[in-house]
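Student: Sequence and predicted structure below; questions after.
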Amino acid sequence: MKDFVDKMKKRGIGGPLMENLVYILFAVVFLMMMFLGVVRAGSSSTLYEQIYAKQIVLVIDKAEPGIEVKLDIYDLYNLARENKFSGEVVKIGNTENKVSVKVVDGKGYDFYYFNDVNIVWSLDKKERKLYLKFVEKEDGEENKGEEVFNENE
């Protein structure tokens with residue numbers, strides 16, 4: 001190892017040149033990460049994720065057991081298609097009281113709700129609608145989690 005270090009010093013690779021190279025490398029990586037963040041924010045994907053997650057949570061927080069709601073999420077599907085995203089656009093987690101909206105690869109946007117009801121939900125990809133049905137949570141019952149909503153019930 002000492003021979004390698006001595007050879008590098010003789011070639012002028014060690015010392016200040018190596019320090020500058022490492023500094024430049026870190027600077028380039030940092031600038032690329034900043035650029036990617038600005039590009040993602042500029043595409044309005046994050047804005048739509050936030051808007052739809054918050055609107056869905058507002059509907060959930062105002063709902064009472066027995067209510068059925070159909071929400072139009074046409075713009076979300078169009079944005080997901082533009083971004084070549086093929087996953088689930090909306091997820092509702094009953095166990096953690098969370099709505100997740102994602103239209104690009106990555107984390108997406110999560111927003112939490114306070115209403116203590118079970119939500120039976122499904123996505124209709126053909127009509128681009130989100131169906132929600134609110135069911136009374138019985139005493140001592142854990143939230144059921146995601147279930148498929150059958151429109152013919």
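Tutor: All right, it came through fine.
Student: Next up, the contacts around Val90.
Tutor: Contacts for Val90 (C-beta atoms under 8 Å, 6 or more residues apart in numbering) come out as 52, 56, 73, 76, 99-101, 123, 130. C-beta coordinates here come from the backbone N, C-alpha and C atoms, glycine included.
Student: what about Val117, distance to Pro65?
Tutor: Per C-beta to C-beta, to the nearest Å, Val117 is found 5 Å from Pro65.
Student: list residues touching both of the two?
Tutor: 134-136.
Student: wait, Ser122 sits on Tyr131?
Tutor: Yes - here Ser122 reaches Tyr131: they are 5.1 Å apart, a contact under C-beta atoms under 8 Å.
Student: Between Val117 and Pro65, which is the more surrounded one?
Tutor: Val117 (20 against 12; other C-beta atoms under 10 Å).
Student: can you pull the pLDDT of the closest residue in space to Tyr77 that isn't next to it in sequence?
Tutor: Spatial nearest neighbour of Tyr77, chain neighbours left out: Arg128 (4.7 Å); criterion: C-beta to C-beta, 6 or more residues apart in numbering. Listed pLDDT for Arg128 reads 90.
Student: can you pull the buried residues of stretch 74-84?
Tutor: Neighbour-count burial for stretch 74-84 flags 76-77, 79-80, 83 (criterion: 16 or more other C-beta atoms under 10 Å).
Student: Got the phi and psi for the residue sitting nearest the centre point of the chain?
Tutor: In the chain, the centroid-proximal residue (C-alpha atoms, centre = their mean) is Gly108; its distance is 1.3 Å. Dihedral pair for Gly108: phi 80, psi -160, per degrees, to the nearest 10.
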